[in-house]
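coords below, sequence missing:
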């Protein structure tokens, strides 16, 4: 864990982001909270069983046929999903860390997930209207063949590699347009 945090902190530093160890928590931290998330939502009648799974049906979300769209928080086999972990993390960040704003940065394909996550968090009272919940979207990161890279397949480009390449390309542009600049200034601009 320490090695991972140290490597992440190097990337954060290059982006002028400062996180404490308490703020830089991995997904596994929340795993013991998942049953409580589901049970609380069931007990408060925010969630319900549907075809063996446990779902929340936030108002205003419908499928193409006009039926209520489920936000599944426990599968019929008892497994938890990203939705459950995201709810646990959001609740923890607001309740324990005192977050008044949470920003999620993902590709645009996750738009509906985050809209529903925010709706469920507000239904549960885990994020009041005073807590700003934002989803910043970017386009899909495409591989050489033009297909979106998928992290589950282990073929994703690492952020550090992307940043290094961006700096390398920026250096080339700065060098081409301003060859007489001092090296320190070129590095700062890139």
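Thanks, I have it. As the structure is a computational prediction, the values presented were derived from the model and not from experiment.

what separates residue 63 from residue 70, distance-wise?
According to Cβ to Cβ, to the nearest Å, residue 63 stands 9 Å off from residue 70. Just so you know, the C-beta spots here come from the backbone N, C-alpha and C atoms, and that holds for glycine as well.

same check, this time on residue 114
In terms of Cβ to Cβ, residue 114 sits 16 Å off from residue 70.

show me which of the two is the more surrounded one.
residue 70 (20 against 17; other Cβ atoms under 10 Å).

element containing the residue nearest to the more buried one when sequence neighbours are not counted?
Distances taken as Cβ to Cβ, 6 or more residues apart in numbering place residue 55 nearest to residue 70, at 3.7 Å, with adjacent residues excluded. Element membership for residue 55 (DSSP states H and E) is strand 53-56.

show me how far the very next helix or strand once past that strand is from its chain's centre.
The helix or strand immediately downstream of strand 53-56 is strand 71-74, counting by DSSP H and E. In terms of Cα atoms, centre = their mean, to the nearest Å, the centre of strand 71-74 is set 17 Å apart from its chain centre.

which residues sit against strand 71-74?
37-38, 41, 47, 53-58, 61, 80-81, 83-84, 87, 116-117, 119-120 (Cβ atoms under 8 Å, 6 or more residues apart in numbering).

packing partners for the host helix or strand of residue 112?
Using DSSP H and E, residue 112 sits within helix 111-124. Applying 3 or more Cβ pairs under 8 Å, 6 or more residues apart in numbering; DSSP states H and E, one finds that helix 111-124 contacts helix 34-43, strand 53-56, strand 71-74, helix 82-95, strand 132-138.
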